[in-house]
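Asker: got a predicted structure here, sequence first:
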Amino acid sequence: MTAGQVASRKEVEAFLAETEFSGYQEVPLPHGMSVPGQSRKERADQVFSMDVSGRSVLDVGTSYGVFPYEAISRGAARAVGLEPNPRSYAVAKRVSELHGGRWEIRQARVEELGADESFDVVLFLNVLHHVTDPVEAVRRLLRVCNETMVIEFCRPDDPEYLEHLARPGTRVTSVTRWRARAKSLMLRPVLNRIPAMAVANWEYHRTFYFSPAAFDNLFRLHLGFFDEISFARSVTGKRRVVAHCRVRPT
């Protein structure tokens, strides 16, 4: 297979047979096949609610690269996925190659991007709650974003957050999970109205949580990163929000 050439059916079948997948992302492959995993089609429709035709797209924490695939499929001129995890990177890289290298996959983090690089659209999906400094993380993305940043974040009434907050360091039981969901339901009316932020006690996987009002007050009003933000409940069905943020010109 040469650069720019789509892989043969035999090559795709060999890749599927020889590779172990996490099941996190389903990604279409040539000849009607796909990487097995959760479908992200509905999520991609929400993320790419804007027109990306002719634009450049960066996906941070791309996993197997389904969003760069979707960007190119929707007419983007260029798409790059960043994935620091070596196993996920290897799969994403091979998926791109099987498609003829129509998008780029790099084993890198945002801070490793060159100073001369820029993208019209930057995706930061299901990542913000993993970082220990959300302001610095978004500031770094602003350095390479020209137009729109799409950020998915977790709300303070996320039951997964409340499960671990109730009993730090202990195993989550069915009772703990039920109580967390009940508390989530009680908190929602309040958190729909006030700018609340929360800090988790679960190392790595969950750190900062925002109500939409808190996100808007912090990143638009106080820091001035964005001119306008529109919010929508994430189609994942979890207590997450997708924010389409129009970058303020510098």
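Answerer: Good, I have the coordinates.
Asker: what's next to the top helix by length along the chain, contact-wise?
Answerer: Looking across the chain with DSSP state H, the single longest helix is helix 174-191. Applying CB atoms under 8 Å, 6 or more residues apart in numbering, the contact partners of helix 174-191 are 155-160, 162-163, 166-167, 196, 211, 239. (C-beta placed from N, C-alpha, C; glycine too.)
Asker: same question for stretch 100-111.
Answerer: By CB under 8 Å, 6+ apart, stretch 100-111 touches 3-7, 60, 62, 65, 68-69, 71-72, 78-84, 86, 89, 92-93, 95-96, 137, 140-141, 144.
Asker: 7 Å - rerun?
Answerer: Residues from elsewhere that reach stretch 100-111, judged by CB atoms under 7 Å, 6 or more residues apart in numbering: 3-6, 60, 62, 65, 68-69, 72, 79-84, 86, 89, 92-93, 96, 140-141.
Asker: go on, stretch 134-144?
Answerer: Defining contact as CB under 7 Å, 6+ apart, one finds that stretch 134-144 is touched by 58, 110-111, 113, 117-119, 122, 124, 128, 131, 149, 208, 219, 223, 225, 247.
Asker: returning to what we had before: buried ones among the contacts of helix 174-191?
Answerer: Buried by 16 or more other CB atoms under 10 Å: Arg155, Pro156, Asp157, Asp158, Pro159, Glu160, Leu162, Glu163, Ala196, Ser211, Arg239, out of the contacts of helix 174-191.
Asker: what's near enough to touch the first one?
Answerer: Pointing back at Arg155 there. With CB under 7 Å, 6+ apart, Arg155 has these contacts: Leu191, Tyr209, Phe210, Ser211, Arg239, Arg240, Val241.
Asker: surely the fifth one and Asp158 touch.
Answerer: Right, the one you point to is Arg239. Yes - with contact defined as CB atoms under 7 Å, Arg239 and Asp158 form a contacting pair (4.0 Å).
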